[in-house]
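Engineer: make a model of this:
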Amino acid sequence: MMRFLMIGLLLVANAANATSIDEHTEDKAQIRALLHHLYIDGKDANSSAEAYLYNYFLPTDLKRLHIVSGSDGERKKWNNMLQAFDIENERFQQYLEMLSKAEHASIKFFTGRTGESQAIIEVEAPRQPRFTKYQGKWYASM
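Structural biologist: Here you go, the predicted structure:
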């Protein structure tokens, strides 16, 4: 009886492991596609910074930028973010260069403090790109 119980537990563990591997394979494909879009659209001089942020970045991160923190605080935060994602900005160019290096780098998955799935792409850069799964879709995080 004990042997059958152990075999059953091993089968369940293997099935759970296979499911997580398959899930990570799909997640990696989604993240790599997102990386590609972040890079291509970031290089597009006709793309607006506002559209770029709303299309690819975590909605909860963007929502925090709209929190009023005094007189005209909301607009200052949002305007600063738009300037940071301008194609002419040197730091944004460094960000795009980092994205180009990240295309084939390894992806490390983990669970965030609030239980959401997160991933980091392991590249040599001042900051590693971070992604968060929100309502079944991967977004870039700030």
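Engineer: could you find the closest non-adjacent residue to S117?
Structural biologist: Excluding the flanking residues, the one nearest S117 by C-beta to C-beta, 6 or more residues apart in numbering is K133, at 4.0 Å. From N, CA and C alone the C-beta is placed, and that goes for glycine too.
Engineer: typo on my end, F110
Structural biologist: The spatially closest residue to F110, leaving aside those adjacent along the chain, is Q118, at 5.6 Å (C-beta to C-beta, 6+ apart).
Engineer: now the one you found: which helix or strand?
Structural biologist: strand 117-121 (DSSP states H and E).
Engineer: same question for G42.
Structural biologist: With DSSP H and E as the criterion, the answer for G42 is helix 2-43.
Engineer: okay, now the unreliable bits of this structure?
Structural biologist: Screening the chain residue by residue with the criterion pLDDT under 70, one finds the ranges 1-22, 67-75.
Engineer: try it again at 90.
Structural biologist: Low-confidence regions of the chain, defined by pLDDT under 90, span residues 1-24, 47, 60-82, 87, 100-104, 112-114, 123-128, 142.
Engineer: and D41, how many neighbours?
Structural biologist: D41 sits with 15 neighbouring residues when counted by other C-beta atoms under 10 Å.
Engineer: one more: L53?
Structural biologist: A count of nearby residues for L53, using other C-beta under 10 Å, gives 20.
Engineer: show me the contacts for it.
Structural biologist: For L53, the set of contacting residues under the criterion of C-beta atoms under 8 Å, 6 or more residues apart in numbering consists of 62, 81-82, 85.
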